[in-house]
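[1] Below are the sequence and a predicted model for it; my questions follow.
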Amino acid sequence: MTTVYIVLIVLLCLLAVALVVLLYQRMCNRLFREIFARKAPIPRVDRSPVKIDQKTVFGRGKNWFYTTRAEYINVRIDSFDGTKLSGYFRPSADRSTRFAIILLHAYDEHPTETAAYARLMMRQLECHVLIAHERAHQMSGGKYCTYGIYESVDVMRWIGFLRRQIGEDVRVFIVGRGIGASAALLAAEQSDFPTDVAGIIADSPLADLNDYVAQQVKEKTGMNLSMIVNSLNKRFTDKLNTGFESGDVVRAASRIRVPVLVISGADDNVTSPDSVRAIYDDLRCQKRLLAVDRATHLMAYDRAPASIEREVRRFVENCVVRLVSIGKM
């Protein structure tokens, strides 16, 4: 009888362990989907919104975009993995200009949220405009958002698109928000990144994907377990053939050679001022940091529009001077 009890106890323990493992796996799968999977299917039609809240500079920028929507062409390209990427392309009225800007939006954000920056840049110089839809967002394909990793390669494809449309001598400014900023910076560290890119404006870049996932795990589960982060990293690697370490923008910063303007909000609890400062400190290029007091995530421009516009104007002027000095103009 004792032997039967022992066997039953062992079986119950094994069953309990199996149940815990099953629940753990289900939790990790759920977290992976919540953090990385596409939030909404590709819309069948790219419709203009019925109403736009214009209380912020970004809302007013979006409204400006839709009032000039007819001037933009819907464009599509293939990325390195076959993902179909979409964008809005506005050729300059002056077809002789060699300047172009690429706008990269933040996570779970509509591409037109970057239109305020497009409008700002167009005040500084005559240029062509490309507003990209990040992979797994809006009209672009893709199952997963990789927080700047795959998106950095997409940036290289968009630069190639502009070269085909405008010419090999195109001079590109890249403006990114959140993961769009991270994508631009991760692209800029690549050895084949064009040195004649004029400059990068990085608004609230995500500094380290591993730290971000750990933060998300803590917020979603109340637990601070590296084991969960490691499990998510394994799933990420299995599905995307790269790990969280590829999203370390701080590590990449020292290899960037084009000018960078970094923008940060002092009250940002997503991309903290300290993490943004870590990126800035490791940059070995022409650089400038603007930290805006009392600005939350991605809201620095809305909080201090005059300061942002002044810094952007100065940055653009310095970038053009650099291009002239290195014989790229």
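    Happy to help now that I have it.
[2] Show me where the chain has its strands.
    Taking DSSP state E to define them, one finds strands in the chain at 73-78, 84-90, 99-104, 128-132, 171-177, 199-203, 260-265, 287-292.
[3] Tabulate those strands (CSV), appending mean pLDDT, mean neighbour count and distance to residue 247.
    C-betas here are computed from N, CA, C, even on glycine. Shown next, in CSV, are the strands of the chain (pLDDT from 0 to 100; neighbours: other C-beta atoms under 10 Å; distance: least, C-beta to C-beta, whole Å):
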stretch, mean pLDDT, mean neighbour count, distance to residue 247
strand 73-78, 97, 13, 23
strand 84-90, 98, 21, 19
strand 99-104, 98, 28, 15
strand 128-132, 98, 26, 18
strand 171-177, 97, 27, 14
strand 199-203, 98, 29, 14
strand 260-265, 98, 26, 17
strand 287-292, 96, 19, 21
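[4] Now render these as CSV, adding distance to residue 217.
    Compiled in CSV, the strands of the chain are given as follows (distance: least, C-beta to C-beta, whole Å):
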stretch, distance to residue 217
strand 73-78, 34
strand 84-90, 29
strand 99-104, 26
strand 128-132, 29
strand 171-177, 24
strand 199-203, 25
strand 260-265, 23
strand 287-292, 28
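[5] which one of the ones you listed lies closest to residue 41?
    strand 84-90 (13.7 Å; C-beta to C-beta).
[6] which residues touch residue 267?
    Counting by C-beta atoms under 8 Å, 6 or more residues apart in numbering, residue 267 touches 294, 295, 296.
[7] what's the closest of those residues to residue 245?
    Set against residue 245, the nearest of the contacts of residue 267 by C-beta to C-beta is residue 296 (28.4 Å).
[8] hmm, who's touching stretch 310-326?
    Applying C-beta under 8 Å, 6+ apart, the contact partners of stretch 310-326 are 120-121, 124-125, 171, 173, 195-196, 198-199, 201, 259, 261, 263, 286, 288, 290, 329.
[9] any idea which of the contacts of residue 267 has the most stuff around it?
    Ranked by neighbour count (other C-beta atoms under 10 Å), those have residue 295 at the top, with 22 neighbours.
[10] I figured it hits residue 308, correct?
    No - the pair residue 295 / residue 308 is not scored as a contact, 9.8 Å apart, by C-beta atoms under 8 Å.
[11] Would you mind grabbing the residues shared as contacts by those two?
    With C-beta under 8 Å, 6+ apart, residue 295 and residue 308 have no common neighbours.
[12] what comes up buried for stretch 144-164?
    144-159, 161-162 (16 or more other C-beta atoms under 10 Å).
[13] An error on my part: the question was meant for stretch 53-60.
    56, 57, 58, 59, 60.
[14] Helices - which of these land there?
    Applying DSSP state H to the buried residues of stretch 53-60, the entries found in helices are 57, 58, 59, 60.
[15] mind putting the residues you listed in JSON lines, distance to residue 43 and pLDDT included?
    Output for these, formatted as JSON lines (distance: C-beta to C-beta, whole Å; pLDDT from 0 to 100):
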{"residue": "57", "distance to residue 43": "25", "pLDDT": "96"}
{"residue": "58", "distance to residue 43": "20", "pLDDT": "96"}
{"residue": "59", "distance to residue 43": "20", "pLDDT": "96"}
{"residue": "60", "distance to residue 43": "23", "pLDDT": "96"}
